[in-house]
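[1] Next one to model:
(2 chains)
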2 protein chains.
Amino acid sequence: MKARGILLVISGFAGTGKGTLVSALLEKYDNYALSVSATTRSPRPGEVDGVHYFFKSQEEFRAMIQADELIEYAQYVDNFYGTPRAYVEQKLSEGKDVILEIEMQGALKIKERFPDTLLLFVVPPDADTLQSRLAGRGTETADVIKKRLRRAVEETAYISQYDYLVVNDKIDVCVEEMHAIIQSEHFRVDRNLDFVETLRKDMEKFR
Amino acid sequence: MKARGILLVISGFAGTGKGTLVSALLEKYDNYALSVSATTRSPRPGEVDGVHYFFKSQEEFRAMIQADELIEYAQYVDNFYGTPRAYVEQKLSEGKDVILEIEMQGALKIKERFPDTLLLFVVPPDADTLQSRLAGRGTETADVIKKRLRRAVEETAYISQYDYLVVNDKIDVCVEEMHAIIQSEHFRVDRNLDFVETLRKDMEKFR
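    Residues are numbered from 1 along each chain as shown, chains lettered A, B, ... in the order given. Purely as a prediction, here's the structure:
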């Protein structure tokens, strides 16, 4: 019943620990694959092509868009970022649940185009916890924190378009909840219509 | 996030071990309550009112129908059977996930009336396993077994209207899968809109 993997998007406000949760999922369970993005920006020291990103020239990237080889893409400043279809398709057909860590707007576009995508949103227990987590990082100025919190307020309006909501209070608990949610999705009837059809044909002999 | 329980219907062909699975869920986990049906049939020896059934007179049962006190009911031969709303509501508000063991037609009616009902269908690994399980009971004649298998063939057409499908191959594995599915449902965004609204208001201070 579990042949094909699930395409899943994990989103959340900056500061909810989304990255840590995704790393924990990948480390703890062997059924996940992280989608590798394509980008036109230059590799930073230590970044490996095909591992951290697929590095492309502007021409190559535009050719990928033309050939519909990206399931979503966006432009930030002068660079393009996108999700190559081939890698995602390969991992899904291997039975891997493929994680996309993308922005809310991209997530909703993907869901529109591929309705069986699982959208999972991670929230902090409450607003104060989010603020103190962002401040606790010690890496951002007060202005940047303020900007991130304002963005989080705006994103709150779109949570209702997600499928599942998890509260990241304790990391270990949250990772297990996420894993249970994703694995349970494999049992949805509409993800198993082939199995239902096989069973139906198999049962016909009793008619 | 988990205040209110989920109303869930567990259905399956005769002979798939549905009853055993429900008993195991009730015994193994403390978050479930089994709905107690109302009936106009007479109690059998050992049956306790309020435990096995709520025993009602024909007049009492008709009065319950009139007062919309049953979320579904059906008549078999001369007797009525129904699901009292009050008991289900009480258990749901206590946070219990309430299990209804009802027929497919009743299940689809309940889903129509209460769209957040979770419909779970239990199937055997394949047709031959179903047949040998039914024969293995040793309690039914060949004719009765044939009738049950024919009914199962017909029910197969409705599986696609259920939410989740589990294969009862090994009881213990299947019980854990069912539990994970039901518990994961508590994290669906549309079951947590109150929480989302509270968070949204809480976040407004950052605007």
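[2] only C-alpha atoms for contact and neighbour calcs from this point on.
    OK.
[3] Mind jotting down where the strands sit in chain A?
    Counting by DSSP state E, chain A has strands at residues A:7-12, A:32-34, A:38-39, A:54-55, A:70-76, A:79-84, A:97-100, A:118-123, A:164-167.
[4] Next, the angle from the fifth one to strand A:79-84.
    It refers to strand A:70-76. 160 degrees (axes from the mean of the first three to the mean of the last three CA atoms, to 10 degrees).
[5] So what are the sheet partners of strand A:70-76 and their directions?
    Strand pairing for strand A:70-76, determined by DSSP bridges: strand A:79-84 (antiparallel).
[6] Buried residues in the strand it pairs with, which are they?
    Buried residues in strand A:79-84, counted by 16 or more other CA atoms under 10 Å in any protein chain shown: A:80-84.
[7] Ok, stretch A:57-64 next?
    Here stretch A:57-64 shows A:61, A:64 as buried, counting by 16+ other CA under 10 Å.
[8] average pLDDT for that stretch?
    Averaging pLDDT along stretch A:57-64 yields 96.
[9] how about the residues of chain A that lie near chain B?
    For chain A, the residues in contact with chain B (CA under 8 Å from any CA of the partner chain) are A:126-127, A:146, A:149-150, A:152-153, A:156-157, A:159-166, A:177, A:180-181, A:184-185, A:187-190, A:192-193, A:196, A:199-200, A:202-204, A:206-207.
[10] thinking again about what came up before, could I get the strands of chain A as a markdown table with distance to residue B:136?
    Listed next are those as a markdown table, based on distance: least, CA to CA, whole Å:
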| stretch | distance to residue B:136 |
| --- | --- |
| strand A:7-12 | 42 |
| strand A:32-34 | 41 |
| strand A:38-39 | 58 |
| strand A:54-55 | 58 |
| strand A:70-76 | 51 |
| strand A:79-84 | 53 |
| strand A:97-100 | 39 |
| strand A:118-123 | 41 |
| strand A:164-167 | 42 |
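[11] Residue A:188 is in contact with residue B:167, isn't it?
    No - applying CA atoms under 8 Å as the test, residue A:188 and residue B:167 come out as separate, 11.9 Å apart.
[12] Okay, domains of chain A per the record?
    Taking automatic domain parsing as the domain assignment, the ranges for chain A are A:1-31+A:97-207, A:36-94.
[13] gap between the two ends of the shortest one?
    Using CA to CA, to the nearest Å, one end of domain A:36-94 lies 16 Å from the other.
[14] which residues does the residue lying closest to residue A:150 once chain neighbours are set aside contact?
    Spatial nearest neighbour of residue A:150, excluding adjacent residues (CA to CA, 6 or more residues apart in numbering or on different chains): residue B:207 at 5.3 Å. Contacts for residue B:207 (CA atoms under 8 Å, 6 or more residues apart in numbering or on different chains) come out as A:149-150, A:153.
[15] which of the buried residues of strand A:79-84 sit farthest apart?
    Using CA to CA, the buried residues of strand A:79-84 reach their maximum pairwise distance at A:80 and A:84, which is 12.2 Å.
[16] what does stretch A:127-144 contact?
    With CA under 8 Å, 6+ apart as the test, stretch A:127-144 has contacts from A:14-16, A:124, A:145, A:149, B:199, B:202-203.
[17] try 6 Å this time
    A:15, A:124, B:202-203 (CA atoms under 6 Å, 6 or more residues apart in numbering or on different chains).
[18] do the same with stretch A:189-197
    B:163-165.
[19] Poorly predicted segments of chain A, please.
    For chain A, the stretches flagged by pLDDT under 70 are A:1-2.
[20] Quick one: the helices in it, in order.
    In chain A, the helices defined using DSSP state H lie at A:18-28, A:58-66, A:85-93, A:104-113, A:127-136, A:142-156, A:171-185, A:193-203.
[21] Save those helices as a markdown table, and put in distance to residue A:40 too.
    Shown next, in a markdown table, are those (distance: least, CA to CA, whole Å):
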| stretch | distance to residue A:40 |
| --- | --- |
| helix A:18-28 | 22 |
| helix A:58-66 | 6 |
| helix A:85-93 | 17 |
| helix A:104-113 | 18 |
| helix A:127-136 | 29 |
| helix A:142-156 | 25 |
| helix A:171-185 | 32 |
| helix A:193-203 | 40 |
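[22] Would you tell me which of these gets closest to residue B:36?
    Relative to residue B:36, the nearest member of the helices of chain A by CA to CA is helix A:171-185, separated by 27.7 Å.
[23] Report the inter-axis angle for that closest one versus strand A:118-123.
    Going by the same axes, to 10 degrees, helix A:171-185 is angled at 160 degrees with respect to strand A:118-123.
[24] who's in contact with helix A:171-185?
    Residues outside helix A:171-185 that contact it (CA under 6 Å, 6+ apart): A:168, B:181, B:184.
[25] Any idea how many residues pack against the closest residue to residue A:100 other than its chain neighbours?
    Once flanking residues are discounted, residue A:100 sits nearest to residue A:9: 4.7 Å by CA to CA, 6+ apart. Counted with other CA atoms under 10 Å in any protein chain shown, residues neighbouring residue A:9 total 23.
[26] which residues does residue A:9 bridge with?
    residue A:100, residue A:119.
[27] Would you mind measuring from it to residue B:106?
    36 Å.
[28] got it, and residue A:87?
    Taken as CA to CA, the span from residue A:87 to residue B:106 is 45 Å.
[29] What of residue A:162?
    As defined by CA to CA, residue A:162 lies at a distance of 30 Å from residue B:106.
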